[in-house]
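Participant: Pasting the sequence and the predicted model now:
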Amino acid sequence: MLKITFMGAGSTVFARNVLGDCISTPVLQNCDIALYDIDPNRLKESEAILEALNRGKGGIAQITSYLGKERRRDALKGAKFVVNAIQVGGYDPATLRDFEIPKKYGLRQTIGDTLGIGGILRALRTIPVLEEFALDIEAVCPDAWFLNYSNPMAMLSGYMQRYTNVKTIGLCHSVQVCSEYLLKALAMEDKLEGRIEKIAGINHMAWLLEIQDRDGVNLYPEIKKRAAEKNRAGKHDDMVRFDYIDKFGYYCTESSEHNAEYTPYYIKNRYPELIEKFNIPLDEYPRRCVNQIAEWQKEYQSLARQNTIPHTRSREYASYIMEAIITGASYTIGGNVLNQGGLIDNLPRDACVEVPCLVGSSGISPCYVGALPPQLAALNMTNIQPQLIAIEAARTRRRKHIYHAAMLDPHTASELSLDDIVRMVDELIAAHGPLLYEYR
């Protein structure tokens with residue numbers, strides 16, 4: 001029987017979407033689903049929701065929960081696919097510390113899960129756990145595919161791809177919604193059907209390099225005109241990415257609230273008016289977490305009273321990858337892979353890049369892209385360098401590399417002195433206590 005293991009199953013909403021997709025896919029329905037987490041309450045909630053969803057699809061799948069580190073190898077044993085969605089330290093206290101301590105130094109963030117000091121600290125907490133996962137996978141399911149959904153995507157996936165023997169692909173939903181969101185925002189919905197696009201770069205900063213309509217007409221001239229007009233007309237939710245189009249010539253995959261903190265241009269104490277001008281939601285992620293926790297509790301109480309729960313297959317890549325590998329049907333994704341062989345010519349070979357990948361019975365094969373426009377490669381490089389150094393910090397447990405990663409982060413470096421960066425990092429490590437005690 002096909003076995004699918006979900007690491008971090010307490011991420012109930014996400015587990016429901018990904019595993020609900022699997023249960024809704026005929027070729028995957030007769031499967032053994034292993035739910036793994038270290039939080040008993042969240043694990044219990046996820047199991048209850050998934051059992052109700054499974055009943056709604058005929059109750060074909062077998063669902064088993066595994067609680068705690070001592071059951072981890074049991075959860076993984078014999079798995080063909082391992083889906084990872086862990087968040088080490090959770091919202092409270094870890095994420096709150098990642099936001100509140102930097103704020104004392106004048107460093108403000110929006111999301112803090114991909115880059116910046118928040119993304120770096122999240123990687124440092126998570127990679128030691130992934131080391132343990134990798135050892136277990138290599139021991140009890142060495143042929144499994146590891147589908148990573150956890151952020152910071154490039155750091156976590158890059159670590160697994162460079163320093164373990166686990167077959168790893170990093171997955172994010174920003175690629176498949178990128179051009180659709182853009183065209184709808186610019187009232188160009190008539191260009192959606194049959195459009196042709198090319199996207200490549202790094203996770204959360206991959207670039208819409210080409211976009212054509214069904215007749216092969218380049219849509220960028222009209223996109224650039226309308227994006228500039230919309231930014232001039234007033235506030236909206238995507239002003240940073242539309243400014244990218246104006247200043248750098250291309251749109252990118254992840255949202256404006258994310259990209260506002262990936263560069264040194266938008267969140268600046270010296271220019272406080274930029275926050276208002278570009279409609280940047282500071283402290284967005286903590287706010288989002290509070291709302292999601294409250295909404296989930298209400299939803300869970302409602303769902304728990306239902307014997308069955310309906311589910312429609314989502315656009316998340318995981319179930320489509322599994323289906324393609326099992327059946328041999330071809331499928332194309334935007335995946336995060338090591339830049340081996342120079343998939344993107346002008347980015348480092350040890351970087352984790354986001355490129356088109358073909359999926360089939362032989363696995364996942366990344367596609368050659370070529371060189372990015374130089375300004376886009378340069379922007380990616382400002383993110384890649386701290387990513388690579390943060391991976392080195394996590395691998396070696398050397399605190400000095402944490403300093404280096406933070407010093408080279410574009411947003412942090414644009415706001416703080418080197419001495420303040422060191423002091424901030426030291427305070428964060430002390431505050432996180434056992435989560436970061438190994439960093440010396």
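Facilitator: Perfect, thanks for sending it. From a predicted model like this one, the values you see are computed outputs, not experimental measurements. Numbers count the residues shown, from 1 in each chain.

Participant: lowest confidence element among the helices and strands of the protein?
Facilitator: None of the helices or strands of the chain scores lower by mean pLDDT, DSSP states H and E than helix 284-304, at a mean of 84.

Participant: What lies in contact with it?
Facilitator: Contact with helix 284-304 is made by 12-13, 45, 48-49, 52, 91, 95-96, 99, 109-113, 118, 257, 281, 309, as judged by C-beta atoms under 8 Å, 6 or more residues apart in numbering. All C-beta spots, glycine's among them, are computed from the backbone N, C-alpha and C.

Participant: Please flag which of those sit within helices.
Facilitator: Using DSSP state H, the subset of these located in helices is 12-13, 45, 48-49, 52, 96, 99, 118, 257.

Participant: out of those, which is most surrounded?
Facilitator: Top of these by neighbour number is Gly118, holding 28 neighbours under the definition other C-beta atoms under 10 Å.

Participant: you'd agree it is up against Phe99?
Facilitator: Yes: in this structure, Gly118 is within contact of Phe99 by C-beta atoms under 8 Å, at 6.7 Å.

Participant: So for those two, which residues contact both of them?
Facilitator: By C-beta under 8 Å, 6+ apart, the residues touching both Gly118 and Phe99 are 109, 112, 285.

Participant: tell me what the helix or strand where Asp243 lies is packed against?
Facilitator: Assigned by DSSP states H and E, Asp243 belongs to helix 239-248. If you count contacts as 3 or more C-beta pairs under 8 Å, 6 or more residues apart in numbering; DSSP states H and E, helix 239-248 packs onto helix 220-233, strand 251-252, helix 256-259, helix 374-396.

Participant: now the longest one: mean pLDDT?
Facilitator: Taken as a whole, helix 374-396 has an average pLDDT of 98.

Participant: buried residues in it?
Facilitator: 376-377, 379-380, 382-391, 393-394 (16 or more other C-beta atoms under 10 Å).

Participant: how big is the angle separating it from helix 239-248?
Facilitator: Taking axes from the mean of the first three to the mean of the last three C-alpha atoms, to 10 degrees, helix 374-396 and helix 239-248 form an angle of 120 degrees between their directions.

Participant: what pLDDT, on average, does the helix or strand following helix 374-396 get?
Facilitator: Using DSSP H and E, the helix or strand that follows helix 374-396 in sequence is helix 399-408. Looking at helix 399-408 alone, the average pLDDT works out to 98.

Participant: likewise stretch 48-67?
Facilitator: 95.

Participant: Could you find the closest non-adjacent residue to Ile169?
Facilitator: Gly335 (4.9 Å; C-beta to C-beta, 6 or more residues apart in numbering).

Participant: So the one you found: helix, strand or coil?
Facilitator: strand (DSSP: H, G, I helix; E, B strand; the rest coil).

Participant: and it, what are its bridge partners?
Facilitator: Val355 (DSSP bridges).

Participant: My read is that it contacts Glu354, right?
Facilitator: Yes: using C-beta under 8 Å, Gly335 is in contact with Glu354, at 7.0 Å.

Participant: Which one's more surrounded, these two?
Facilitator: Glu354 (33 against 27).

Participant: could you measure the residue nearest to Ile169 against Leu76, distance?
Facilitator: From Gly335 over to Leu76 the distance is 22 Å, taken as C-beta to C-beta, to the nearest Å.

Participant: go on, Arg214?
Facilitator: Per C-beta to C-beta, Arg214 is found 45 Å from Leu76.

Participant: Looking at the two, which is more packed in?
Facilitator: The residue with more neighbours, out of Arg214 and Leu76, is Leu76; 22 against 11, by other C-beta under 10 Å.

Participant: Would you mind confirming that the more buried one makes contact with Ala134?
Facilitator: No: using C-beta under 8 Å, Leu76 is not in contact with Ala134; the gap is 10.6 Å.

Participant: picking that back up, quick one: distance of the least confident helix or strand of the chain to the chain centre.
Facilitator: Computed by C-alpha atoms, centre = their mean, to the nearest Å, the chain-centroid distance of helix 284-304 equals 20 Å.

Participant: How about it, which residues are buried there?
Facilitator: Buried residues in helix 284-304 (16+ other C-beta under 10 Å): 284-286, 289, 300, 303.

Participant: what's the closest non-adjacent residue to Ile384?
Facilitator: Nearest to Ile384 is Ala351, by C-beta to C-beta, 6+ apart, at 4.7 Å.
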